[in-house]
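A.B. asks: Sharing a model that was predicted from the sequence below.
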Amino acid sequence: MSAAALAPVLQKLYGNERSAYHLTADYTWGWTQQESIQAATEALGWKTVNNVLTPLAQTDFSSYIAPVLNSGADVLVLNHYGGNMVNSLTNAVQFGLREKQVNGKNFEIVVPLYSELMAKGAGANIKGIVGSQNWDWKLEDEGTKAFVKSFGTKYGFPPSQAAQTCYAQAMLYADAVERAGSFNPCAVAEALEGFEFDGLGNGKTLYRADDHQCFKDVLVVRGAENPQDEFHLVEIVEVTPVGQVTYAPDHPMFAGGELGQCNPGA
Amino acid sequence: MGSFILQILNGLDKGSAYALIALGLTLIFGTLGVVNFAHGALFMIGAFCAVTLSRMLSLSFEEVDPTKTDFLGQPLVVKTPYVYDWFGPEAGAAIIDWAVPLAILMAIPIMIAIGFIMERGLIKHFYKRPHADQILVTFGLAIVLQEIVKANFGANPVPTPAPTAFQGSFDFGIWLGFDPNIIIYPYWRMVYFAFAAVIIGGVFAFLQFTTFGMVVRAGMADRETVGLLGINIDKRFTIMFGLAAAVAGLAGVMYAPINSPNFHMGMDFLVLSFVVVVVGGMGSLPGAVLAGFLLGILESFASMNEVKSIIPGIDQIIIYLVAIVILLTRPRGLMGRKGVMED
C-alpha cells in the first residue's frame, strides 16, 4: 500500500528515469516492503541497481552505505523501520549522499514507511525525505482533532502515529469483543472480518475478510525543511485514497495461501 | 579499488569503537579478574553525558507569543536558550553546537565517579565469587542502568549531532587520484578514529611510562608478590576501574553523533566487544586493540556485495566465525597469556 501510494509522488518529484539502490531489513516485513516498492518504481520506468539485505540487529550501516557511492544509483531506498531506519538514514546523510550528484541528477533518499517518532530520532537528517504514514496528528478530520486535543492536553505534545494506532486498536478490540459477546480470540476475529468503520482519524477503514488486511487512505509525507517546532518535523504531501492502494486478495505479490483454521489457544 | 579503500576506512572506524570498549573490558579483567557485563552500559552512559550536556546548554526561558498558536490553539510559548541571553545568539548557538566535544570534559569525572561507585559499592563483593556470579551481577547492573536511562530520556533515540564544522564528508578520492565522489568519508568518523587512537595511545603510555602504570602492570602479572612488597594494589586497581569506565564513557560521548544514542546501545556493543576480548586474548591489552581493529575491518569487508554474493549472510556471522577459527587454532586468543582464566 505504501508503494502504491508513493509511486505517483515519486514520479512527480523525481521523474521516470532513476536508478534505485535498496537497503532492506532482512526479515519478512523488509522483504515484502522492498518487493512492492521495487515493483511500483519499476512500473514508473525506474531501474533497480541492487537490493542488499541488512541484518535486523545492525546498528552501524556505514559498510552497507559505502557501496552505494560507486553503484551508479541516484536514489537510495531504505526499507528499514524503527531503529534501523533512524541509524541507516543518519549514516546515509553522514556519507554526504544528499549532497551528491549522479547521472546529472540530485541524489535522493526514500524511506517508504516512517513515523513522526522515527523522524524525531533521525533529527535534521529527515529533512526532505519522502515516505508514507498511516496517520498524522495534523490531519483535519474530527476524529483526529478530538484525539489530538485530548492527548495533547494531558501530555503536552501531539500524539504520535504509534499512540493513535494503540488507541484505535484498543477501541477496535473493545468494540469487537462487545459485538462478539465473547473474549474468545476466534469470535473476536470473526467480528473484525469484513468490518468497516470510520471516525478514528484514518478515514473509512476496512479489515478485509479474505486476507485480514487493513485498507485505508495512506498519507504521503516529507520531512519538513524548516520545521516551525519539534512537532512539525513531517509535512503531509498527499492523502492517497484507499481505492488507489487496494489490491485484489489473490494479487500474486501478497497472496499467502489459506488463512487456515482459527486456533483460540485454549 | 574505491570500495576496497572505503571498507578499510569503515573497518578502522568500527574497530575504533570495538577497541575502545574492549580495552576497558580488558583493563578491568586484567586487573581485578572481573568479567564486567555492565561495560556496555558505561559506553551508553557516556553517550548520554553528551545528550545531557546538550540539553543543559539548551535550557531555555519561556515567553508567550500571543501572535502565534501552538498545536492546541493556545498562545505559543517560545523558548530561548539562556546561553543566547548570556553570550548573544551567535556565541550561544556555537556553544550548543559544540556540546558533544564539550561533553568530554563533563564525562571524565562523571565516568570515573561511576566506576568508583560500581567497584566499591558492588563489584568488590564479587572478587572471590565464580565468574558466572560476576557475569550475572554485572549483567543485572547493566539492565538497571539502562532502565534508569530509559526512564529519564525515553526509549527513542535522541539525535545528538556533531558540531557543524564536522558535519558532511571529505573526498579522499581526489587526494588519492580518483574521480570526485568515489571515496568520500564523514568528517566525524575520521575524528572518532583519531580520538580513539589518542585514547588508546594515552592508556598505553600511562601504563608503560608512569610509576603508577608500572605497579599496575606488575600487579596484573603477579598480584600477590606486589602486595607482599607493601604496595596497596587494590587501591590502584580501583583507580584502574575508574579509568576503564572513563575510556568506555569517552568512547560513548564521541559515538553519539554517529548513531543517535538510545538506552539499548550498550547491549548492542557488549557481545561484540566480548568476542573482541576473547579473540585478542583474555587480559591482553594489545590483543584487545588488535582484535578490535581486525574484526572491524573483517566485518566491513564481509558487508561488501562482492563477498555477500559468494557467501550470502556472511556479514551476520563473520565475527563469530573468526572467533571460532581463532579459538580452535589459538585457544588463548591472538595475544593471550598462559594462566589467564585457566584452572
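C.D. replies: Yes, it's here. Nothing here was measured: the structure is a model prediction, and the numbers come from that model.

A.B. asks: So which elements touch the helix or strand encompassing residue B:194?
C.D. replies: Using DSSP states H and E, residue B:194 maps to helix B:187-209. Judged by 3 or more Cβ pairs under 8 Å, 6 or more residues apart in numbering or on different chains; DSSP states H and E, helix B:187-209 is in contact with helix B:2-32, strand B:169-171, helix B:211-221, helix B:233-255, helix B:285-302. C-beta coordinates here come from the backbone N, C-alpha and C atoms, glycine included.

A.B. asks: hmm, try it at 7 Å
C.D. replies: When contacts are defined as 3 or more Cβ pairs under 7 Å, 6 or more residues apart in numbering or on different chains; DSSP states H and E, helix B:187-209 packs onto helix B:2-32, strand B:169-171, helix B:211-221, helix B:233-255.

A.B. asks: So which of these is nearest residue B:112?
C.D. replies: helix B:233-255 (4.1 Å; Cβ to Cβ).

A.B. asks: buried residues in the closest one?
C.D. replies: B:233-234, B:236-255 (16 or more other Cβ atoms under 10 Å in any protein chain shown).

A.B. asks: With stretch A:119-138 instead?
C.D. replies: Quick answer for stretch A:119-138 (16+ other Cβ under 10 Å): A:119-123, A:125-127, A:129-138.

A.B. asks: distance of the residue nearest to residue B:82 when sequence neighbours are not counted from chain A?
C.D. replies: Nearest residue to residue B:82, sequence neighbours excluded (Cβ to Cβ, 6 or more residues apart in numbering or on different chains): residue B:59, at 5.6 Å. According to Cβ to the nearest Cβ, to the nearest Å, residue B:59 stands 15 Å off from chain A.

A.B. asks: Isn't residue B:59 up against residue B:84?
C.D. replies: No. At 10.8 Å, residue B:59 does not count as touching residue B:84 under the criterion of Cβ atoms under 7 Å.

A.B. asks: On the three-state scheme, the residue in the stretch 101-250 of chain A that chain B sits nearest to is what?
C.D. replies: The stretch 101-250 of chain A approaches chain B most closely through residue A:123 (2.9 Å), counting by Cβ to the nearest Cβ. At residue A:123 the chain is in helix, as set by DSSP: H, G, I helix; E, B strand; the rest coil.

A.B. asks: pretty sure it contacts residue B:158?
C.D. replies: No. If you go by Cβ under 7 Å, residue A:123 and residue B:158 don't touch, sitting 8.7 Å apart.

A.B. asks: shared neighbours of the two, anything?
C.D. replies: residue B:260 (Cβ atoms under 7 Å, 6 or more residues apart in numbering or on different chains).

A.B. asks: ok, how many other residues are close to whichever residue of chain B sits closest to chain A?
C.D. replies: Among all residues of chain B, residue B:159 sits closest to chain A, at 2.9 Å; criterion: Cβ to the nearest Cβ. Neighbour count for residue B:159, taken as other Cβ atoms under 10 Å in any protein chain shown: 22.

A.B. asks: rewinding a little: okay, residue B:59 and residue B:84: which has more neighbours?
C.D. replies: residue B:84 (18 against 10).

A.B. asks: before we move on, back to that, nearest spatial neighbour of the residue of chain B closest to chain A, skipping sequence neighbours?
C.D. replies: In space, and not counting its chain neighbours, residue B:159 is closest to residue A:123: 2.9 Å by Cβ to Cβ, 6+ apart.

A.B. asks: Helix or strand for the closest residue to residue B:265 other than its chain neighbours, just tell me which one.
C.D. replies: Leaving aside its chain neighbours, residue B:265 sits nearest to residue B:44 (5.0 Å; criterion: Cβ to Cβ, 6+ apart). Element membership for residue B:44 (DSSP H and E) is helix B:39-57.

A.B. asks: contacts for that helix?
C.D. replies: Counting by Cβ under 7 Å, 6+ apart, residues outside helix B:39-57 touching it are B:21, B:24-25, B:83, B:95-96, B:99-100, B:102-103, B:106-107, B:110-111, B:114, B:142, B:145-146, B:149, B:153, B:158, B:160, B:245, B:248-253, B:255-256, B:261, B:263, B:265-267, B:269-270, B:273.

A.B. asks: make it 6 Å
C.D. replies: B:21, B:24-25, B:83, B:95-96, B:99-100, B:103, B:106-107, B:110, B:142, B:145-146, B:149, B:158, B:160, B:245, B:248-249, B:251-253, B:255-256, B:261, B:265-267, B:269-270 (Cβ atoms under 6 Å, 6 or more residues apart in numbering or on different chains).
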